[in-house]
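*Asks:* The following comprises the amino acid sequence and a computationally predicted model.
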Amino acid sequence: MAFWQLTLPASADSEDALTNFLWEQGALGVVEEEAPGVPPRLRAFFAESMSSTRLLAAVRDYQASLRSLGFAVESHGTEITPLLDEAWASAWQQSFPAREVGRRLLVLPPWIEAPSRADGADRLTVIIEPGRAFGTGHHGTTEGCLVLLEEALAATPGAAALDIGTGTGILAIAALKLGAPTVLAIDVDPDAVAASQVNAGRNGCTGLTVRLAEPQEVADRFPLVLANLLTHTHLALAPQYARLVAPGGSLVLGGMLEDEDGRVSETLAAAGFTTRSRLALEGWASLRLEAPPS
C-alpha cells in the first residue's frame, strides 16, 4: 500500500487552523516541524485512495481563505508526493523521537523502548501515542507546560490536579508520574477523551479520571490546574480559573504566542493571580501563576 505525503508551510498564527483542516480532510497523521533557522512546516499523510489533485486544490483554497482573513499564510512550497508503506511508517515514527523534558521527564512514543541511563538516574517515562488529539511533548507549548508543571509540583508536592482540554492526556499523565495523587482530565472532544484513556493505559496510570466535560461542569477546587489552550480561550476562562484553583494553588497555562501571554497575565492579575514563572520556547509562552491565598 502507498500513501500521500502533503507538505505545506505554516506560521504560528495559522498552524492550528491548518492542522485542524488537514485532519478534517482525512489525514492519517499530521506532523508539526520546527527547527532553528528553518521556516516551520506541516507534513500530513493520506491514504492512497485520496485524490491528490483534489486534496492539493482544497488545501490551496483553504490557504487563500486564511489569507483573506488576514493570516500570514504562504502557499509556495505546498506539495504532495507518494510514499511507499515502509516510507510512511519511517517518516511518521522518525518525527517523534524520545525527548527529555525538564529535569525528570522523558516523553516517547510506544514504538521506542525507554533507554537505560548508565548513571542510574532514570527519568520518568511518559508514553504518548501521536494521533488526532493535541500534545506529544514535541511542540514548544506542550514542553513549556511540562517544565512548569514539574516546577509547580516541586513547590507543592502531592497536589491533586485538574487538566482542562487534556488532548492526548500528556499533562495529566506527567502530573501523576511527578507525584500528583489524582488528576481529573476533561475535554470537549471525544477523540481527545479516547486518546487520553488509551495513553493512560499505556502508562499504567491509576488515579486518573477522564471525562467529556467543560470547565463550567466541574464543581471542585484543585491545588493545581493545567490548561494548554489558545490565548483567547484562556481569556474567556479566566473566571473559571479563579473559581477552580484552590486558594494559594498553582495554575499552569500554555498555548500562548510570545507576544500574547501578557494579556493573559494582566487578566488573571485582576482576579488576584500572581505570575511566578514564564517560559518561552519556539515562539510559544507558558505561565505558572499562583492564586490568592483566600
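*Replies:* The structure has been received and is ready for your questions.

*Asks:* count of neighbours near the nearest residue to Ser11 once chain neighbours are set aside?
*Replies:* Among residues not flanking Ser11 along the chain, Ala72 sits closest, at 4.9 Å (CB to CB, 6 or more residues apart in numbering). Quick note: C-beta positions are derived from backbone N, CA and C, even for glycine. Residues lying near Ala72 (other CB atoms under 10 Å) number 12.

*Asks:* measure Ala72 to Thr275 for me?
*Replies:* From Ala72 over to Thr275 the distance is 28 Å, taken as CB to CB, to the nearest Å.

*Asks:* Ser286 now?
*Replies:* According to CB to CB, Ser286 stands 11 Å off from Thr275.

*Asks:* higher neighbour count, the two?
*Replies:* Legend: neighbour count by other CB under 10 Å for Ser286 and Thr275, higher for Ser286 (26 against 18).

*Asks:* In contact with that one, which residues?
*Replies:* Going by CB atoms under 8 Å, 6 or more residues apart in numbering, Ser286 touches 141, 144-145, 147-148, 252-254, 256, 261, 278-280.

*Asks:* neighbouring strands for the lengthiest strand in the chain, and are they parallel or not?
*Replies:* In the chain, assigned by DSSP state E, the strand with the most residues is strand 245-257. Strand 245-257 has the following sheet partners, assigned by DSSP bridges: strand 222-228 (parallel), strand 284-290 (antiparallel).

*Asks:* got a markdown table for those strands, with mean pLDDT and distance to Pro181 too?
*Replies:* As requested, those are exported to a markdown table (pLDDT from 0 to 100; distance: least, CB to CB, whole Å):
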| stretch | mean pLDDT | distance to Pro181 |
| --- | --- | --- |
| strand 222-228 | 97 | 10 |
| strand 284-290 | 94 | 20 |
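
*Asks:* CA-only coordinates of the longest strand of the chain in PDB, if you can.
*Replies:* Written as PDB, here are the backbone C-alpha positions of strand 245-257 (Å, rounded to 0.1, in the frame of the first residue of the first chain):
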ATOM      1  CA  VAL A 245      -7.900  26.900  41.600                       C
ATOM      2  CA  ALA A 246      -7.800  26.400  45.300                       C
ATOM      3  CA  PRO A 247      -6.600  29.300  47.500                       C
ATOM      4  CA  GLY A 248      -2.800  29.600  47.100                       C
ATOM      5  CA  GLY A 249      -2.900  26.900  44.400                       C
ATOM      6  CA  SER A 250      -1.000  26.900  41.100                       C
ATOM      7  CA  LEU A 251      -2.300  27.500  37.600                       C
ATOM      8  CA  VAL A 252      -0.100  26.300  34.600                       C
ATOM      9  CA  LEU A 253      -1.100  27.700  31.200                       C
ATOM     10  CA  GLY A 254       0.300  27.100  27.700                       C
ATOM     11  CA  GLY A 255      -0.700  27.700  24.100                       C
ATOM     12  CA  MET A 256       0.000  31.500  24.000                       C
ATOM     13  CA  LEU A 257       2.200  33.200  21.400                       C
END
